[in-house]
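Peer 1: I need the structure of the sequence given here:
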Amino acid sequence: MQNLKRHPVSQDIPRLHRGGFLILLAAMLWLAAPGLTRGQSAAAESTAATASAPADPQAQEILRKADQIRFPTEGFQVDISILSTKTDQSTEARKYQVLSKGNDKTVVIVTEPASERGQTMLMSGRELWVFLPSVSQPVRLSLAQRLTGQVANGDLARANFAGDYTPRILRTDSIEGEKYTVLELIAVDRSVTYPRVMYWVKQKNGYPHKAEFYSLSNRLLKTARYENFKLMAGKMRPTRLVMEDSIRAGEKSVLEYDAMKVRDIPDKFFTKEYLKKVD
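Peer 2: Residues are numbered from 1 along each chain as shown. Below you'll find the predicted structure:
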């Protein structure tokens, strides 16, 4: 294996250990999933028609600015803690380190629990791969697969709404005296994490407020709230994301973002060949 000290960015990556079989099993189950039902196919056709509609420049600008508030456009690093609660009130805590560049290159590293420490996901474009200590080759994953609790792989690995969705302005809502632009986001293709998103953006400052995520059959899956705005990496950003299951009442995940900093990360770091050399 290549020495980590030779790579300026690799020093952030913990040593790989055993574990990761759950993600591998999830990948196999996803590949074996049944085809679309007739209702889902109809919904997919409707979604495709909306996505092919002419772009709305005003909606695109609102979405782009909200993206820039959530995350830097430059390369950056951030630590994410996730506490997931089930209906029986049992909890699961996990921690990740995320390194991202340009919203289409991301590495997600598991730092806790210890049994899965060093397990790594690589996103390049809309392709997602997981590197497991027990498997010699990386395993292809879906962005829509569940990572933990209410969090899908794509929620950590890819948060580029402007690049993944065609937006249109639906209406203006008033919430507690504040006005919000309500956007409907339609996925540009089926590789995107969610087929459809409803997104509330505060008109006064462009802050993201709330999002609703829908399935291909237009069923509400979960709702997310952006909270606790603080100065991070040069801008006021939401440091907490609360994701609540809309199907199983009481299940939710709370994501806490910390230690975000802008970094110059070489492009070669976001490749399968490079990550295979990490010991």
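Peer 1: quick one: the strands in the stretch 1-150 of the chain?
Peer 2: Ranges of strands within the stretch 1-150 of the chain are 76-85, 91-101, 105-112, 120-124, 127-131, 139-141, 146-148, based on DSSP state E, counting those that start in this stretch.
Peer 1: May I see those organised as CSV, with mean neighbour count and mean pLDDT added?
Peer 2: For every residue, glycine as well, the C-beta is placed using N, CA and C. Output for these, formatted as CSV (neighbours: other CB atoms under 10 Å; pLDDT from 0 to 100):
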stretch, mean neighbour count, mean pLDDT
strand 76-85, 19, 97
strand 91-101, 18, 95
strand 105-112, 21, 94
strand 120-124, 21, 93
strand 127-131, 20, 92
strand 139-141, 18, 91
strand 146-148, 20, 90
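Peer 1: Residue 123 bridge partners, please.
Peer 2: Taking DSSP bridges as the rule, residue 123 bridges to residue 106, residue 128.
Peer 1: Could you dump the strands of the stretch 1-150 of the chain into JSON lines with distance to residue 225 added?
Peer 2: Below are the strands of the stretch 1-150 of the chain laid out as JSON lines (distance: least, CB to CB, whole Å):
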{"stretch": "strand 76-85", "distance to residue 225": "15"}
{"stretch": "strand 91-101", "distance to residue 225": "19"}
{"stretch": "strand 105-112", "distance to residue 225": "22"}
{"stretch": "strand 120-124", "distance to residue 225": "24"}
{"stretch": "strand 127-131", "distance to residue 225": "25"}
{"stretch": "strand 139-141", "distance to residue 225": "26"}
{"stretch": "strand 146-148", "distance to residue 225": "18"}
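Peer 1: which residues does the residue sitting nearest the centre point of the chain contact?
Peer 2: Nearest residue to the geometric centre of the chain (CA atoms, centre = their mean): residue 155, 1.7 Å. By CB atoms under 8 Å, 6 or more residues apart in numbering, residue 155 lies in contact with 147, 193, 243, 255.
Peer 1: Look at it and tell me its secondary structure.
Peer 2: Secondary structure state of residue 155, per DSSP: H, G, I helix; E, B strand; the rest coil, is helix.
Peer 1: And it, how far from residue 217?
Peer 2: 20 Å (CB to CB, to the nearest Å).
Peer 1: Once you drop chain neighbours, what's closest to residue 179?
Peer 2: residue 203 (4.6 Å; CB to CB, 6 or more residues apart in numbering).
Peer 1: How many neighbouring residues does the one you found have?
Peer 2: Neighbour count of residue 203, defined by other CB atoms under 10 Å: 13.
Peer 1: That one against residue 181, yeah?
Peer 2: Yes: Residue 203 lies in contact with residue 181 (CB atoms under 8 Å); the separation is 5.6 Å.
Peer 1: Quickly list what's touching both of those two.
Peer 2: Contacts common to residue 203 and residue 181, judged by CB under 8 Å, 6+ apart, are residue 172.
Peer 1: what separates the strand of greatest length in the chain from the chain centre, distance-wise?
Peer 2: In terms of residue count, the longest strand belonging to the chain (DSSP state E) is strand 220-232. Taking CA atoms, centre = their mean, to the nearest Å, the mean C-alpha location of strand 220-232 is offset from the chain mean by 12 Å.
Peer 1: So which bits of it are buried?
Peer 2: By neighbour count on 16 or more other CB atoms under 10 Å, the buried set for strand 220-232 is 221-226, 229, 232.
Peer 1: what about the helices in the stretch 151-279 of the chain?
Peer 2: Ranges of helices within the stretch 151-279 of the chain are 153-157, 161-164, 272-276, based on DSSP state H, counting those that start in this stretch.
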